[in-house]
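Peer 1: Below are the sequence and a predicted model for it; my questions follow.
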Amino acid sequence: MDFTLCLTHACNMRCSYCYAVDKRASSMTWKTAKRAIDCCLAETLSRSKLRQCRAITQLGFFGGEPLLEWKLLQRATEYTEEECSRLDILLKKTVTTNMSLLDEEKASWLKDHRFQVALSLDGAADRHNLLRRMADGSPSHANCAGALQWFRGKNVNSEMILVVDPHNISGLADSVQWLVDQEMFSYILSPNYNAVWSEAARAQWQVEIERIGIIYQQCFRDGRPIRIDIFDSKIEAHIANPLQRCGQCSFGGNQIAVAPDGRFYPCVRIVGLIDRAGMEAGDVSSGIDSRRLARLAPTGSVPSGECNDCLARPRCKNWCACVNHATTGNVDSVSGLVCYHERMTINIADQVAATLFAEKNPAFLSRFYR
């Protein structure tokens, strides 16, 4: 069982595309955090015993901005490490941050504790500052980008999250190139599916992804390959098995998100919503309601129609329940915008891969064909 502690609803930034509309100054107590950790580790042991496999869990921190509760983050981490060592549970750790509160001491501590650090930055200043502002309305790029100096290099366990929105789509490739020049090597391009994408914005979206494909290829040729989720995941799914689904959703399955008040939800996206009625799956007092959690899970079958006959379906992200819920209100229904994005990125990923394969690029062959 993977679990994420949403340490606070509060955030020191006001990004215009943020889905976490609940930004109350409400934070988790240590008592709640400890109870949540104990519940999730007990569930992890129970599931591993049932499956007769090694107990593995992932502890995540989210918000709001989790670094606003830095002392609580440290205490929760160290307690979980001690408990996992005592219970013989393999532990992985992640944190997602807007970077504005990072300093050398915090970055060093996260690296020492072997965190996977997800850094939210939309690239160069002109593009980043369009939609990512501080709470007082001032630009945030200088506050955030300064932290890059502590995460540069291939061996640092970090990844960049760039939110893709109609208002900042122009120049997306330039921002990726800017981050490549900063020696950052792993990227998640996260579309704002809740936005209204005009035909012009969609056309520009495709242009930018094609340009990013060229950057991706050149990095492989230069011997400093990067990772971009929309390319790597599609290529891996094609090579591993053309009929294998591209990833899977843990919504209602192997993950729990814990709100600051101690209630359990199937995904961190749900915690940030003001209206969360009907999505709870227990709390730190009563424990995880596994049956309720399972009922919230997607069935795995998308509606009949285009999806059934689509050749891209085995590699499509139609399984992402939180995106489906946010865009259609149904965990099993896929929006037209998701469909557009998936068809586009699969097509471009295949072109990028075919070119590097034809060139017999050693770094490409090593990563995907081993």
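Peer 2: Arrived safely.
Peer 1: Just the helices from the stretch 1-150 of the chain, written as ranges.
Peer 2: Along the stretch 1-150 of the chain, the stretches classed as helices by DSSP state H, counting those that start in this stretch are 30-51, 70-87, 104-112, 125-131, 141-145.
Peer 1: and these as CSV, adding distance to Ser198, mean pLDDT and mean neighbour count?
Peer 2: All C-beta atoms are positioned from the backbone trio N, CA, C, and that covers glycine. Below are those laid out as CSV (distance: least, CB to CB, whole Å; pLDDT from 0 to 100; neighbours: other CB atoms under 10 Å):
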stretch, distance to Ser198, mean pLDDT, mean neighbour count
helix 30-51, 42, 95, 17
helix 70-87, 40, 98, 16
helix 104-112, 39, 95, 15
helix 125-131, 17, 95, 19
helix 141-145, 26, 96, 19
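Peer 1: As JSON lines, those with distance to Gly153 would be great.
Peer 2: Below are these laid out as JSON lines (distance: least, CB to CB, whole Å):
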{"stretch": "helix 30-51", "distance to Gly153": "31"}
{"stretch": "helix 70-87", "distance to Gly153": "23"}
{"stretch": "helix 104-112", "distance to Gly153": "11"}
{"stretch": "helix 125-131", "distance to Gly153": "22"}
{"stretch": "helix 141-145", "distance to Gly153": "16"}
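Peer 1: nearest to Pro191, of those?
Peer 2: Ranking these by proximity to Pro191 (CB to CB) places helix 125-131 first, at 13.3 Å.
Peer 1: still on that earlier bit, for the helices of the stretch 1-150 of the chain, which one sits closest to Glu359?
Peer 2: Smallest distance to Glu359 across those (CB to CB): 30.8 Å, for helix 125-131.
Peer 1: Residues contacting the closest one, please?
Peer 2: With contact meaning CB atoms under 8 Å, 6 or more residues apart in numbering, helix 125-131 is reached by 15-17, 121-122, 139-142, 144-145, 163, 165, 167-168, 171-172, 174-175.
Peer 1: same thing with stretch 227-246?
Peer 2: Residues outside stretch 227-246 that contact it (CB under 8 Å, 6+ apart): 159, 176, 185-189, 209, 212-213, 216, 247, 314-317, 319, 345-346, 348-350, 352-353, 368-369.
Peer 1: What of stretch 67-78?
Peer 2: 5, 7-8, 10-12, 27-28, 30, 33-34, 37, 59, 61, 66, 93, 95, 97, 101-102, 106, 109, 113.
Peer 1: Write the ChimeraX selection for whichever of those are buried.
Peer 2: Remark: buried members of those, expressed as a ChimeraX selection using 16 or more other CB atoms under 10 Å:
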select :5,7,8,10,11,12,27,28,33,34,37,59,61,66,93,95,97,101,102,106
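Peer 1: for the helices of the stretch 1-150 of the chain, which one sits closest to Asp283?
Peer 2: Judging those by CB to CB, what sits closest to Asp283 is helix 30-51, at 8.8 Å.
Peer 1: so what does the closest one touch, helix or strand wise?
Peer 2: strand 2-6, strand 56-62, helix 70-87, strand 255-258, strand 287-288 (3 or more CB pairs under 8 Å, 6 or more residues apart in numbering; DSSP states H and E).
Peer 1: could I get the ones you listed as TSV with distance to Val268?
Peer 2: Converted to TSV, those look like this (distance: least, CB to CB, whole Å):
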stretch	distance to Val268
strand 2-6	5
strand 56-62	5
helix 70-87	15
strand 255-258	4
strand 287-288	16
